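[1] build the 3D model from these lines:
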Amino acid sequence: MGLPRRAGDPAELRKSLKPLLEKRRRARINESLSQLKGLILPLLGRESSRYSKLEKADILEMTVRFLQELPASSGPTAAPTPSDSYREGYRACLARLARVLPTCRVLEPAVSARLLEHLRRRAASATSDGGRSGDPCGPPAPSPQPAPSPSPPEPPRNSGLWRPW
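    All right, here's what the predicted structure looks like:
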């Protein structure tokens, strides 16, 4: 598909470029859906090899469901303390583990149930000081400040999403 012979005719130029632009747009959409599929399947605890032929609508539906299950952020609020953030992350991780662990069948059901019960007890027994009173699994205690050194750039604040990675 070449360019029109009369370069001065804009309608003819648009007519010849439209299929090319549409092809590029579809390629971008397909590439983005492929990336989305690669991101969402591991987060849902599903094997990518078993879902190699998902329809585009399925990928979008799984993503919407996953995003709806995320804890909703209530706009800009004061930054949580590290211990609050730790407990919130622990609870979110525990909830996801409770959903995924029984379905992935990595552990025997009895072992899986014992592990979940242990983690639930740990979450319930966290003290108001962030679980630091003799708790080796609690958030790390603040360490003395070392000498200043070049540090990586800080992530953007108030992004609204909690990410476990």
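
[2] C-alpha only now, for contacts and for neighbours.
    OK.

[3] okay, now the unreliable bits of the protein?
    Low-confidence segments of the chain (pLDDT under 70): 1-8, 72-80, 126-165.

[4] gap between residue 55 and residue 61?
    Note on residue 55: its distance to residue 61, by C-alpha to C-alpha, to the nearest Å, is 10 Å.

[5] can you check residue 115 too?
    Residue 115 is 31 Å from residue 61, by C-alpha to C-alpha.

[6] over to residue 34?
    Residue 34 is 14 Å from residue 61, by C-alpha to C-alpha.

[7] buried residues, stretch 35-45. List them.
    Within stretch 35-45, the residues scored as buried using 16 or more other C-alpha atoms under 10 Å are 37, 40, 41.

[8] any chance of the residues you listed in JSON lines with distance to residue 66 and secondary structure as columns?
    What follows is the buried residues of stretch 35-45, written out as JSON lines (distance: C-alpha to C-alpha, whole Å; DSSP: H, G, I helix; E, B strand; the rest coil):
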{"residue": "37", "distance to residue 66": "12", "secondary structure": "helix"}
{"residue": "40", "distance to residue 66": "8", "secondary structure": "helix"}
{"residue": "41", "distance to residue 66": "10", "secondary structure": "helix"}
